[in-house]
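**Q** Pasting a predicted model and its sequence here:
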Amino acid sequence: MEVGNSTNGTVDAVDLTESTGTDNPDDTPKVNREYKSDTFKLFFSQKKELIELYNALNDTAYTVDDEVTINTLENSIFLKIYNDVSFVLSNTVNLYEHQSTINPNMPLRDLFYINDMYKKETMRKDMYGYKRIMVPTPKFVVFYNGIDDAPEKQILKLSDSYGKPTNAPELELTVTVLNVNYGHNKELMDKCAALRDYATLIQRIRDNLHKGIAKEEAIVSAVDSCIEDHIMEEFLLREKAGVIQMHILDFDEELHNQSLVEYGIEQGIEQGISLGADNVLINMIKAGKLSDEEMAQYAGCTIVHIEELRRSIAQRT
């Protein structure tokens, strides 16, 4: 889908809302719970914001006049629908994914994605010919804004999933994970006002919730304050109803995830009284919300021991 000639700077072929059933173009869109989208996806599906983000990540200076091809994937995961923003710019295919939890299997998932994408790109070309077939250079980025502590940047490697470790993998794929919570990756945020504004909106919602404000009121208040401060102003004025509804669903899941973490840790501690420290660690590992360093600190063991337990769990499943 070519969007280089879009008149409003928005990825016009990506249907993000369902019709209100009226002919009024200014009618506020209703949120379709099946449409597999969130605020990050909706905001950065706008061509101006997407190119601004790309430029900030790659130290480039593309403009809305440059040609961009959007080819977005959608993935359904428990409770929340995660959305990839995939696009080709300057012969580079970029897969941007927004997540509230860090998924160590992203390199494997992206391998499947790029495989399908390259198949589509080359299906009418002679794979057995003498001429080399050229494909877009892939680049994979995850934008993390969950509630758990995470480093500013980390690299996930496909080779980390190999059953037999090797120092020279013949097939490798790397995914860059960036912490885009408010106050993190300041240099990137300074380069990309759109990303900084998005982080500000999320932080204001969380601040309101921490004050004990009811969820819907907390979200509405945060959205209104951002509009008043000219943060994502045009976007929020246009998409206000949908954004509020999406974040009600988002923060339902965030609270649910937090309760699962607390339950998993509590259960692990209770079982540990009779079953030993390793079982406590196994429950924490399965909960998946603490880093190896944090678990090692709580249990007074080494990270190597945590890794051994992970391998033991994997062999049993």
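**A** Now that the structure is in, tell me what you want to look at.
**Q** thought H98 was touching F143?
**A** Yes: taking Cβ atoms under 8 Å as the definition, H98 is a contact partner of F143 at 4.9 Å. Glycine gets a C-beta too; all of them are placed from N, C-alpha and C.
**Q** overlap in contacts of the two?
**A** Taking Cβ atoms under 8 Å, 6 or more residues apart in numbering as the contact criterion, the residues that touch both H98 and F143 are F40.
**Q** all strands of the stretch 151-300 of the chain, in order?
**A** 153-157, 174-179 (DSSP state E, counting those that start in this stretch).
**Q** Please enumerate the helices of the stretch 1-150 of the chain.
**A** 39-44, 47-58, 106-122 (DSSP state H, counting those that start in this stretch).
**Q** where does the stretch 101-250 of the chain dip in pLDDT?
**A** The model of the stretch 101-250 of the chain has pLDDT under 70 over residues 250.
**Q** repeat that for 80
**A** Within the stretch 101-250 of the chain, the stretches with pLDDT under 80 are 247-250.
**Q** buried residues in stretch 297-308?
**A** Under the neighbour-count criterion of 16 or more other Cβ atoms under 10 Å, stretch 297-308 has Y298, A299, C301, H305, I306 buried.
**Q** Could you export those residues to a markdown table, including columns for pLDDT and distance to L173?
**A** Shown next, in a markdown table, are the buried residues of stretch 297-308 (pLDDT from 0 to 100; distance: Cβ to Cβ, whole Å):
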| residue | pLDDT | distance to L173 |
| --- | --- | --- |
| Y298 | 71 | 33 |
| A299 | 72 | 32 |
| C301 | 78 | 32 |
| H305 | 84 | 29 |
| I306 | 83 | 25 |
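**Q** Point out the ones among the residues you listed that are inside helices.
**A** Judged by DSSP state H, helices contain the following of the buried residues of stretch 297-308: Y298, A299, H305, I306.
**Q** Reformat these as a markdown table; add distance to A193.
**A** Written out in a markdown table, the entries for those read as follows (distance: Cβ to Cβ, whole Å):
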| residue | distance to A193 |
| --- | --- |
| Y298 | 39 |
| A299 | 43 |
| H305 | 45 |
| I306 | 40 |
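**Q** ok, which pair from these is furthest apart?
**A** The span of those, defined through Cβ to Cβ, is set by Y298 and H305 at 12.4 Å.
**Q** State the number of residues packed around the residue nearest to D207 when sequence neighbours are not counted.
**A** When the adjacent residues along the chain are set aside, D207 lies closest to A222, with 7.8 Å between them (Cβ to Cβ, 6 or more residues apart in numbering). Counted with other Cβ atoms under 10 Å, the neighbours of A222 add up to 26.
**Q** List the contacts of the nearest residue to T166 once chain neighbours are set aside.
**A** Using Cβ to Cβ, 6+ apart and skipping residues adjacent in sequence, the residue nearest T166 is S159, 6.7 Å away. If a contact means Cβ under 8 Å, 6+ apart, then S159 has P165, T166, P169, L171, E172 as its contacts.
**Q** now, which of those sits nearest P107?
**A** E172 (8.6 Å).
**Q** Distance-wise, check L173 relative to D197.
**A** 31 Å (Cβ to Cβ, to the nearest Å).
**Q** ugh, typo on my part, it should be K191
**A** Using Cβ to Cβ, one obtains 13 Å as the distance from K191 to D197.
**Q** and what of V64?
**A** Computed as Cβ to Cβ, the V64 to D197 distance reads 18 Å.
**Q** between the two, which one's more packed in?
**A** Each of V64 and D197 has its neighbours counted (other Cβ under 10 Å); D197 has more, 20 against 15.
**Q** Geometric centre of this protein: which residue is closest?
**A** Among the residues of the chain, the smallest C-alpha distance to the mean C-alpha position (Cα atoms, centre = their mean) belongs to H98, namely 1.4 Å.
**Q** can you pull the pLDDT of that residue?
**A** Reported pLDDT at H98 in the predicted model: 89.
**Q** Not counting its neighbours along the chain, what's nearest it?
**A** Nearest non-adjacent residue to H98, counting by Cβ to Cβ, 6+ apart: F40, 4.0 Å away.
**Q** wait, what's in contact with that neighbour?
**A** Counting by Cβ under 8 Å, 6+ apart, F40 touches N83, H98, F143, N145, Y198.
**Q** could you dump these to TSV with distance to R109?
**A** Formatted as TSV, the entries for these read as follows, by distance: Cβ to Cβ, whole Å:
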residue	distance to R109
N83	13
H98	14
F143	15
N145	19
Y198	23
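**Q** from the residues you listed, which single one is nearest N71?
**A** Closest approach between the contacts of F40 and N71, by Cβ to Cβ: N83, at 12.9 Å.
**Q** which one in the chain is furthest away from the centre?
**A** The centre of the chain is farthest from one residue, Y130, which by Cα atoms, centre = their mean lies 39.9 Å away.
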